[in-house]
Each structure stands twice: as C-alpha cells, then as structure tokens.
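J.: Using only what follows, build the 3D model:
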Amino acid sequence: MYRVVVIGGGWSGCAAALTAKKAGADVTLLEKTDLLLGLGNVGGIMRNNGRFTAAEENIAMGAGDLFAITDKCSRHINIDFPGHKHASLYDVTKVEPCVRRLLREKGIDVRLMARAVDVVTRKKNKQRGGRDGESVIEKIVLAGGEEIEGDVFVETTGSTGPMGNCLTYGNGCCMCILRCPAFGPRVSISAKAGGSDIMGKRKDGSFGAFSGSGKLEKRSLSEELQHQLNETGVAVVPLPEKAIKREKLDMKVCKQYALNEYAENIVLLDTGYAKIMTPFFDLETLRQVPGFEDARYVDPYAGGKGNSIRYLSVAERENTMKAAGIENLFCGGEKSGLFVGHTEAISTGSLAGHNAVRYLKGMKMLELPIGIAIGDLISFANESLKTDDGLMSRYTFAGAEYFKRMKEKGLYSTDAEEISAKVRRYGVDNIYEEQLI
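T.: As a prediction, this is how the structure comes out:
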C-alpha cells in the first residue's frame, strides 16, 4: 500500500489527508495536540468576499467535504461586516468533532498527541527522477522516539510558535489554542529534512505577525450585546478616542481586517464565542467600554496583552505544493506561503494531498490553472515571495492586495453555477475525486 503521512492536523492537513485518501493512498495524520483544526478552533469565518469563489472552486474540483461541514455548522450565513460581504460564521465549539468523525469514517488513521520532532532521510532516489541534491524522507520521528514510515509526506504544521518565537517577536506566550507549553513546540519538518524556510516580515522589518483576533466569553458581555450577536452575528461598538490604537492595524496578520473601522470600533462576530477582531486589547481599557464591563478572554487567555506570532516558518515550494530540495515532501496552509484563512488552508492542502499521490504513481504533478482563483493565488503568492514587498504582504481571497487582484482579473464571482462551469472549462472538475491508485 502506498503510504502518505500528513504532519499537522489543521484545516490544511485535514484537507490533504482527504484528497490523498480519495486518490487511493493509505493515510496517517499526525497532530501534536488533542484537537484537530488548530487555529480553526478560534477562527470561524468562511465564504466572505473572494472566499465564496474559492469555496465553490474547491467543491467543483471534488474537495467539498470540509466546506459541507462548515456550512452545516454555521451559526449565521450571508452576513456583512466592515469590509466583508456574504460571510458565513461557523460555530467553533461544534466543528472539530465533525471533522474528526469524517476523517475516521473515511479510513484515515488520525494520531493525536503525536508531535513530529525529527526526520530520517536518505539521498535521492534516482529511479524516481529525483533532482541533484534533493533528500528523501523515510521516517518521521515523534517525541518519545517512535518512528512513522511513509512513502511521501505532507507538512502542514503552520508557522506559529514555538513559545520562544512569541516571546522574541511578540509579547510572550499568549496561552492560545495551540498550547505549546502542554503539547510541545512546533518543529519545521522541511528544515529538519534539509530545506530552507522563509520568514515573513512586518512593515518595520521585524519578523512575523500577530494573529488578528481573540475570543471573549459571550456570556461575559451585556445582555444587549449577546442578543445582537445571537440575532445578527455582528456587533460594531464605537470606541472612545483615547482607546483607539491605529498602530495595531500594522501588527495584524489578517490584512483584510486592517481597516480604520477595526481601529475605531470593537467589531464582534458570533462564532459560538464572541470573536473580537483585534490582535489584543487591554482588558482594563476594554471593561471601560459600555457592554464590556465584565468581559473575559477565553482564547488566547492573555488576549489583553498579546496574541500568537505567525509566519516564521514558510517552506520554499513549487506551485504543485512540492517543497524545494526534498523529493517526497509537499506542503500546505501557512507552511506553504504567507496565506491567511481556513479557505486558503483547505485549498493548498487539498492540492498537496492530491499531488502526493501523483508523486507515488510517477505521474505529472497537477498545477492548477491561473484562470481560477485558487491556481492564481498559489502562483501569485509564490512569485511575490521573491521580493521584499512580497515578504511583507499576506495573501487571502478575503481582502487586501489579493482580493483586489481577483476582481481586476475577473476571478471573483458569487454565482456557484458560473464558478463550476469555469472549473469544468479548465478540465479540473472533480479532479480530487479521481482514484489514482
């Protein structure tokens, strides 16, 4: 049996595991914590702006399983909030068990609390057409010493942590959903295998970026705010002038939310908790705003001071999602570029998992056409990393530079039939449903 090992159980890793399984491989998914989805447990925003287009492209290509779950778990659909249209907000308290059950029902071996810390490599396999200087991964080494063998590997470990990075480039460990103190730090598999990683930058030249939001316990807010969130999904609360901190907009990883509205107001979204759209907000100051007198953070617990730092470990890769310098390693999600968002993670992970099986079969790798949004994003983000400006940019279907590009190139649509027809014209409809083995 052909063995695909996916390292990292966030949205991208789950997507990669599903497409690799559909293509016929035996799939093992390694996740260092006790929860799948990673930052997806604190996110919740889907289908906003160009993400609607990308979601429908994925569905048309045969990678719709995870979107079916987020649609089913949505507390609110087709809502607008500053800078964003037709969004869905999934319930972060319900989505992870659904994904876990799906993967196991599909026959994927999900290994929780299995932290990858090292690799066993050998020289390239000439029979596979490996390139000069490329290494080949044979095994993943877990904390504790267990070794997991595989024929091809997909790294979707993200780019957040470990604690030292959050201290060096942020305000310290913020006690976020990734829980490095309990489950151990993230380790770069691409670097361990001999590849080189890229670090994203901020405008001031420093490395990394703060996660863009936190979670408040909804019940700690006023009854009026709770009612508004439950009914509409959104609450926008103006801030007094002394509480406005515009400089925080430049810290955010989520540039689609780096708008004045997010500095001048508290923007809340209902994802089961109250998602507060700011990297951090001093709790003493927050409690002086009407409706927030008893406010309390639930993730990150240090959300009054800081947030997690991301984009510190991005693998160099090709547009097929193959990692540079390592023959049998593919990557997805934030590991594969300065991408922002669940849809972006699912899109890149789905391609990585599918191409991992193409590699096993000795087939030509799939490179998605730039005539569809997903293919264009993957290509554009990769090309942009070659410039200093590109290292300071973030790439998302939902806003900022790339959503503007989507509209200019005619890639943005909210017509599902039109999107499906375009995918079909490019010959990649249901391509992820094809059994290759």
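J.: Residue 198 against residue 387, yeah?
T.: No. Using Cβ atoms under 8 Å, residue 198 is not in contact with residue 387; the gap is 11.9 Å. All C-beta atoms are positioned from the backbone trio N, CA, C, and that covers glycine.
J.: For these two, indicate the residue with more neighbours.
T.: Neighbour count, other Cβ atoms under 10 Å: between residue 198 and residue 387, residue 198 has more, with 18 against 10.
J.: what residue ranges in the stretch 101-250 of the chain score low on pLDDT?
T.: For the stretch 101-250 of the chain, the stretches flagged by pLDDT under 70 are 125-133, 246-250.
J.: Show me where it has its helices.
T.: For the stretch 101-250 of the chain, the helices defined by DSSP state H, counting those that start in this stretch cover 163-169, 180-183, 189-192, 223-232.
J.: Deepest in the core, which of these is it.
T.: Greatest average neighbour count among the helices of the stretch 101-250 of the chain goes to helix 189-192 (a mean of 22), per mean count of other Cβ atoms under 10 Å.
J.: tell me the centre residue of the protein?
T.: Centroid check for the chain by Cα atoms, centre = their mean gives residue 345 as the closest residue, at 4.0 Å.
J.: what separates residue 4 from residue 434, distance-wise?
T.: Distance, residue 4 to residue 434, by Cβ to Cβ, to the nearest Å: 15 Å.
J.: quick one: which of the two has more around it?
T.: residue 4 (31 against 13).
J.: how would you label the more buried one: helix, strand or coil?
T.: Secondary structure, DSSP: H, G, I helix; E, B strand; the rest coil: residue 4 is strand.
J.: That one reaches residue 152, doesn't it?
T.: Yes. Using Cβ under 8 Å, residue 4 is in contact with residue 152, at 5.5 Å.
J.: list residues touching both of those two?
T.: 356-357, 360 (Cβ atoms under 8 Å, 6 or more residues apart in numbering).
J.: Scan this protein for its longest helix.
T.: helix 342-361 (DSSP state H).
J.: continuing past it, what's the next helix or strand?
T.: Per DSSP states H and E, helix 342-361 leads on to helix 373-384 as the next helix or strand towards the C-terminus.
J.: mind listing what's buried in that following helix?
T.: Neighbour-count burial for helix 373-384 flags 373-378, 380-382, 384 (criterion: 16 or more other Cβ atoms under 10 Å).
J.: Give me the contact list for it.
T.: By Cβ under 8 Å, 6+ apart, the residues outside helix 373-384 that reach it are 50, 53-54, 57-58, 317-319, 321, 337-339, 344, 347-348, 351, 367-370, 390, 393, 395, 397, 402, 405-406, 409, 411-412.
J.: wait, which of the helices of the stretch 101-250 of the chain is closest to residue 36?
T.: Nearest to residue 36 among the helices of the stretch 101-250 of the chain is helix 180-183 (13.0 Å), distances taken as Cβ to Cβ.
J.: what's around residue 421, how many residues?
T.: Using other Cβ under 10 Å, residue 421 has 12 other residues around it.
J.: Please point out which parts of the longest helix of the chain sit buried.
T.: Applying 16+ other Cβ under 10 Å to helix 342-361 flags 342-360 as buried.
J.: Please save the CA atoms from it in PDB.
T.: Extracted in PDB, the C-alpha atoms of helix 342-361 (Å, rounded to 0.1, in the frame of the first residue of the first chain):
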ATOM      1  CA  HIS A 342      -9.200  28.500   6.500                       C
ATOM      2  CA  THR A 343     -10.300  28.500   2.900                       C
ATOM      3  CA  GLU A 344      -6.800  29.200   1.800                       C
ATOM      4  CA  ALA A 345      -5.500  26.400   4.000                       C
ATOM      5  CA  ILE A 346      -8.100  23.900   2.600                       C
ATOM      6  CA  SER A 347      -7.200  25.000  -1.000                       C
ATOM      7  CA  THR A 348      -3.500  24.500  -0.600                       C
ATOM      8  CA  GLY A 349      -3.800  21.300   1.500                       C
ATOM      9  CA  SER A 350      -6.100  19.700  -1.000                       C
ATOM     10  CA  LEU A 351      -3.700  20.200  -3.800                       C
ATOM     11  CA  ALA A 352      -0.700  19.000  -1.700                       C
ATOM     12  CA  GLY A 353      -2.500  15.800  -0.700                       C
ATOM     13  CA  HIS A 354      -3.600  15.000  -4.300                       C
ATOM     14  CA  ASN A 355      -0.100  15.700  -5.700                       C
ATOM     15  CA  ALA A 356       1.500  13.500  -3.000                       C
ATOM     16  CA  VAL A 357      -0.300  10.500  -4.600                       C
ATOM     17  CA  ARG A 358       0.600  11.600  -8.100                       C
ATOM     18  CA  TYR A 359       4.200  11.600  -7.000                       C
ATOM     19  CA  LEU A 360       3.800   8.000  -5.700                       C
ATOM     20  CA  LYS A 361       2.400   7.000  -9.100                       C
END
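J.: quick one on the thing from earlier: list only those of the contacts of helix 373-384 flagged as buried.
T.: Buried residues within the contacts of helix 373-384, defined by neighbour count using 16+ other Cβ under 10 Å: 50, 53-54, 57-58, 317-319, 321, 337-339, 344, 347-348, 351, 368-370, 390, 393, 395, 397, 402, 405-406, 411-412.
J.: Sort out for me which of those residues are in helices.
T.: Counting by DSSP H, the buried ones among the contacts of helix 373-384 place 53-54, 57-58, 344, 347-348, 351, 390, 402, 405-406 in helices.
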